[in-house]
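# Okay, sequence plus prediction incoming.
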Amino acid sequence: MRIKCFLSFVVLIGINTNIFAKKIYVDNVAQTYKVLNNLRPGDSLVFKKGEYKDIQLLLKQNESSSKPIVLIAETPGSVIFCGDVKVAMYGTYTELNGIYFTNGNRNPNQWKSHGPGLIAMYASYCRVSNCAFNNFDEANSAYITTSLDENGNVPTHCRIDHCSFTNKLTFDQVINLNNQKAPDKTSQVIAPPMYHRVDHCFFSNPKKKGNAGGAIRVGYYRNALGRCLVDSNLFIRQDSESEIVTSKSMENVYYANTVLNCQGTLNFRHGDKQVAINNFFLSDDEKYKGYGGMYIWGSKHIIAGNYFSLSKTIESRGNAAIYLNTGAEGTEHALAFGSIIAKNMFVNNNGYAIHFNPLEELRKNFSKEKNLPYNVPHHITLSDNTFFDNKKYGYTFFKDDYKDLNRNNQWNKNIYWGKQTGLTPLLGLEEKQFEMVLQNGFYFLKNKNAQSSLAGLPNFYNNIEGIELNFDEAVSNSTMQKPLSIEQVIPKWMLNTLGDYYKTGKLSPELEVRLKRISATREE
C-alpha cells in the first residue's frame, strides 16, 4: 500500500510540475542575484521598471521546451541594462525578453572582436526576443553571439527575434553565429550545423573604416555547416562595412528580408549551397556613393524571387545588383559557378543587373599569388527573370568582358525591356515589350504568365535540413507586393530608441565625436 501511494504521489508531481512555476519580481541588481540561481523549470524572473546598472547574469539552469526559464521586463522597454553589463547563457531553454540595452561602459580592454558578445549564448535553444540595443558602449564586441563553451560544444537552435540594433559605433558584427572558435582554412572536418534563426529584427548602423563588422556573420569558413534561417528582417542604412551580411558557412537561407539604402551587399562569402528567396534590395535616394544587392562566391546557390531596384550602385565593386565572383574554385575568394538565378525582378537599377566578372584584377592577382587556376563564372542557370529600365540609366543589363567565351550558362524564358543587354543575342533572353504596373512605389509585371517550376532547373533542391521552407512554393506563392516596414518587424516601444541615422544617414555631433574616438583607438 505504501509503494502504491508513493507511486501515485510521483505521478501527481510529474503531471502538475507547472503548477509550481512562479513569477518572481525583482527591482534591483542585488535582488536579481539573490534569486537567479534558485529559478526552477518554468519560472519567470520579472524585472520591474528601472535601471539595472552593471548587471552581469550567468544563467546555468538546463530546462526543457515545455518549461523554459524566462527573464522578462514587466513592461517592455522600461527595464534598462546599462553600465558594465554581461549576459552569459549556459543553460538550455533560457529566454531574455523586453530589455533595453543602452548607456553601457564595459572596459574595452576586456572585450574583443570575434569573442563572446554582450549577450553570449553558449547553450542550445536559447532565445533573445523583444530587446533593443542602441549605441551601447565603446567595447569592440558583437551585441549577440552564439559561442562555443569551454569544452568546444556548439550551441544549436537558438533564436534572435523582434530586436532592434542601432547606432553601433564599435567594431565587430552586430550578431555572430559560431560553430568554430576561429576560422580553420585547412581542416577537412566539417563544423557541425547550428540551426539558428534570426527573424523580425531591425538593423541600422553607421559606416566605419575598413572591415569593421556588418549586421550578421553566419559561421567562419566554407568548411562549416550553417543551416541557419535569416528571415523577415529589415535593414535600413546598415552601413557598417561593405558586407551587410557575411554568410560564411554552407546551407543557410535568407528569406523575405528587406534591404533599403544600405552601402553594402548580402554576401554568400564562404560556403556552398546557400539560398536567397523573396528579398527586396532597394534604394530610394542618392545620398551616398552606392547601395548594394548581392555578392556571390561559391556554388550550388539558389537566388530566386528577389526584387532589385537600386538608385545608385557600388562603383568600387563594379556597379551592379548582383556580382558573380571570378577566381579559383573552393578558395578564400571562391569562384561563383553552378548556381540558379531565377524568377527575380531587376527594375531601374542604376548599374548592371548582373556583373559576370567584378573585381577581376584583384582576383587574378590572388590566383597568381596562390598558384591557383583563374576562371570566370560558369554553369549559371538564369530562368524566368525580368529586366526592366524606363529611367534610361547609362548601363547595359549585363557586364561580361568575356561575352564570346562559352561559359555553359543556361538561359531560359528571361525577358528584358528598356535598354541593351550588353551580350551577344541569346536564346532564352528575349527583348519583349511588357506592361508594368506601379504597386506601392515599385514596378511589377501587370500580366505575369504562369512560370515553370524551379524543380525543373539543373542542380535544384527544394529544402535544407532543419529549415521548414519549401523553396519552390515560397517563390511561386509570393505576391511580392511590398517590402517590410518597421512596424511589421519590431514592437512599438522600440520606435523611440532607434535614433535618426536610419532616416537621415547622419549621426548627431555627439555620436560623430564618439565614432572618431573609437576609430582612432583601433588604429593605434
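Here it is on my side, so go on. Numbering: from 1, shown residues only.
# What ranges does the stretch 301-450 of the chain have for its helices?
Along the stretch 301-450 of the chain, counting by DSSP state H, counting those that start in this stretch, helices occupy 360-369.
# Please name the residues that touch residue 120.
87-89, 144-147 (CB atoms under 8 Å, 6 or more residues apart in numbering). Bear in mind the C-beta positions are built from the backbone N, C-alpha and C, glycine included.
# Closest one of these to residue 43?
Checking those against residue 43 with CB to CB, the nearest one is residue 89 at 15.3 Å.
# give the contact list for the closest one.
Residue 89 touches 59, 96, 119-123, 126, counting by CB under 8 Å, 6+ apart.
# State the phi and psi torsions of it.
Dihedral angles of residue 89 (phi, psi; degrees, to the nearest 10) stand at phi -100, psi 100.
# got it, and the one 5 residues further on?
Dihedral pair for residue 94: phi -120, psi 140, per degrees, to the nearest 10.
# these two touch, right, it and residue 69?
Yes: applying CB atoms under 8 Å as the test, residue 94 and residue 69 come out as touching, 5.2 Å apart.
# Tell me where the model's unsure across the stretch 351-500 of the chain.
Residues of the stretch 351-500 of the chain meeting the criterion pLDDT under 70: 449-451, 478-481.
# Please, where are all the strands along it?
Assigned by DSSP state E, counting those that start in this stretch, the stretch 351-500 of the chain shows strands spanning 352-355, 381-383, 386-388, 398-399, 410-412, 414-417, 429-431, 436-439, 442-445.
# Tell me the backbone dihedrals of the closest residue in space to residue 39 that isn't next to it in sequence, please.
By the measure of CB to CB, 6 or more residues apart in numbering, the closest residue to residue 39 outside its immediate chain neighbours is residue 69, 5.2 Å from it. For residue 69, the backbone dihedrals (degrees, to the nearest 10) come out as phi -100, psi 130.
# which one of the contacts of residue 89 is nearest residue 38?
Nearest to residue 38 among the contacts of residue 89, counting by CB to CB, is residue 59 at 12.4 Å.
# so what's the closest one up against?
36, 69, 71, 87-91, 94.
# ok so, going back, and the residue nearest to residue 39, how close does it get to residue 284?
Applying CB to CB, to the nearest Å, the value for residue 69 to residue 284 is 44 Å.
# if you count what's nearby, which of the two comes out ahead?
Neighbour count, other CB atoms under 10 Å: between residue 69 and residue 284, residue 69 has more, with 24 against 12.
# Closest one of the contacts of residue 59 to residue 78?
Proximity of those to residue 78 (CB to CB) peaks at residue 71, which lies at 14.5 Å.
# looking at the strands of the stretch 351-500 of the chain, which is closest to residue 301?
Comparing the strands of the stretch 351-500 of the chain against residue 301 with CB to CB, the closest turns out to be strand 381-383 (10.5 Å).
# What lies in contact with the closest one?
339-343, 354, 409-414, 428-429, 452, 454, 457-459.
# mind running it again at 7 Å?
Taking CB atoms under 7 Å, 6 or more residues apart in numbering as the criterion, the residues outside strand 381-383 that touch it are 340-342, 409-414, 457-458.
# Do you have the helices of this structure handy? List them.
Chain-ordered helices for the chain, with DSSP state H as the definition, fall at 2-15, 29-36, 360-369, 471-477, 486-489, 501-504, 509-523.
# quick one: which of those helices is nearest residue 278?
Within those, the stretch nearest residue 278 is helix 471-477; the backing value is 6.2 Å (CB to CB).
# show me where pLDDT drops low in the stretch 51-200 of the chain?
The stretch 51-200 of the chain contains no residues with pLDDT under 70.
# hmm, back to that, identify the contacts common to residue 94 and residue 69.
Taking CB under 7 Å, 6+ apart as the contact criterion, the residues that touch both residue 94 and residue 69 are residue 63.
# coming back round to it: going by neighbour count, which of the contacts of residue 120 comes out on top?
Of all the contacts of residue 120, residue 144 has the most neighbours under the rule other CB under 10 Å, reaching 31 neighbours.
# thought it was touching residue 126?
No: look at residue 144 against residue 126 with CB atoms under 7 Å: they stay out of range, at 10.0 Å.
# Identify the contacts common to the two.
Counting by CB under 7 Å, 6+ apart, residue 144 and residue 126 have no common neighbour.
# still on that earlier bit, residue 302 is nearest to which of the helices of the chain?
The closest of the helices of the chain to residue 302 is helix 471-477. By CB to CB, the value is 6.2 Å.
# and for the closest one, what are the contacting residues?
Contacts of helix 471-477 with the rest of the structure, by CB under 7 Å, 6+ apart, involve 255, 275, 277-278, 302, 304-305, 343, 453-455, 462-463.
# Would you pull up how far it lies from the middle of the chain?
Between the centre of helix 471-477 and the centre of its chain there are 21 Å (CA atoms, centre = their mean, to the nearest Å).
# buried stuff in it?
By neighbour count, and taking 16 or more other CB atoms under 10 Å as the criterion, the buried residues in helix 471-477 are 471-472, 474-475.
# swap in stretch 62-81?
Burial within stretch 62-81, assessed by neighbour count using 16+ other CB under 10 Å, is assigned to 63, 68-73, 76-81.
# Then stretch 364-379?
Within stretch 364-379, the residues scored as buried using 16+ other CB under 10 Å are 366-367, 372, 375-378.
# now stretch 146-165
Within stretch 146-165, the residues that count as buried by 16+ other CB under 10 Å are 146-148, 154-165.
# Equivalent analysis for stretch 416-432, please.
Within stretch 416-432, the residues that qualify as buried by neighbour count (16+ other CB under 10 Å) are 416-419, 421-422, 429.
# any chance of those residues in a markdown table, plus distance to residue 47?
Rendered in a markdown table, the data for the buried residues of stretch 416-432 read as follows (distance: CB to CB, whole Å):
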| residue | distance to residue 47 |
| --- | --- |
| 416 | 56 |
| 417 | 57 |
| 418 | 56 |
| 419 | 57 |
| 421 | 59 |
| 422 | 58 |
| 429 | 59 |
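# which of these lies closest to residue 436?
The closest of those to residue 436 turns out to be residue 417 (CB to CB; 8.6 Å).
# residue contacts, that closest one?
Contact partners of residue 417, counting by CB under 7 Å, 6+ apart, are 388, 431-434.
# Now the two most distant members of these.
The farthest-apart pair in the contacts of residue 417, when distances are taken by CB to CB, is 388 and 431, at 11.4 Å.
# I'd like the buried residues of stretch 364-379 as CSV, with distance to residue 109 appended.
As requested, the buried residues of stretch 364-379 are arranged in CSV below (distance: CB to CB, whole Å):
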residue, distance to residue 109
366, 35
367, 40
372, 40
375, 45
376, 46
377, 45
378, 49
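# who does residue 234 bridge with?
Counting by DSSP bridges, residue 234 is bridged to residue 202, residue 258.
# Could you check how far residue 257 is from residue 79?
Distance from residue 257 to residue 79, counting by CB to CB: 29 Å.
# what's the answer for residue 287, then?
Separation of residue 287 from residue 79 (CB to CB) stands at 35 Å.
# try residue 360
As judged by CB to CB, residue 360 and residue 79 stand 52 Å apart.
# now swap in residue 89 and tell me
Using CB to CB, we find residue 89 at a distance of 17 Å from residue 79.
# Likewise for residue 416?
As it turns out, when the distance is counted by CB to CB, residue 416 lies 54 Å from residue 79.
# related to what we said a few turns ago, now render the contacts of residue 89 as TSV, adding distance to residue 238.
Rendered in TSV, the data for those read as follows (distance: CB to CB, whole Å):
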residue	distance to residue 238
59	29
96	23
119	19
120	22
121	22
122	27
123	28
126	24
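# which pair in these spans the largest distance?
Using CB to CB, the two most remote members of those are 96 and 122, lying 13.6 Å apart.
# list the contacts for residue 117?
Taking CB under 7 Å, 6+ apart, we find residue 117 in contact with 141-145, 176.
# Name the residues of stretch 440-447 that come out as buried.
By neighbour count on 16+ other CB under 10 Å, the buried set for stretch 440-447 is 442-445.
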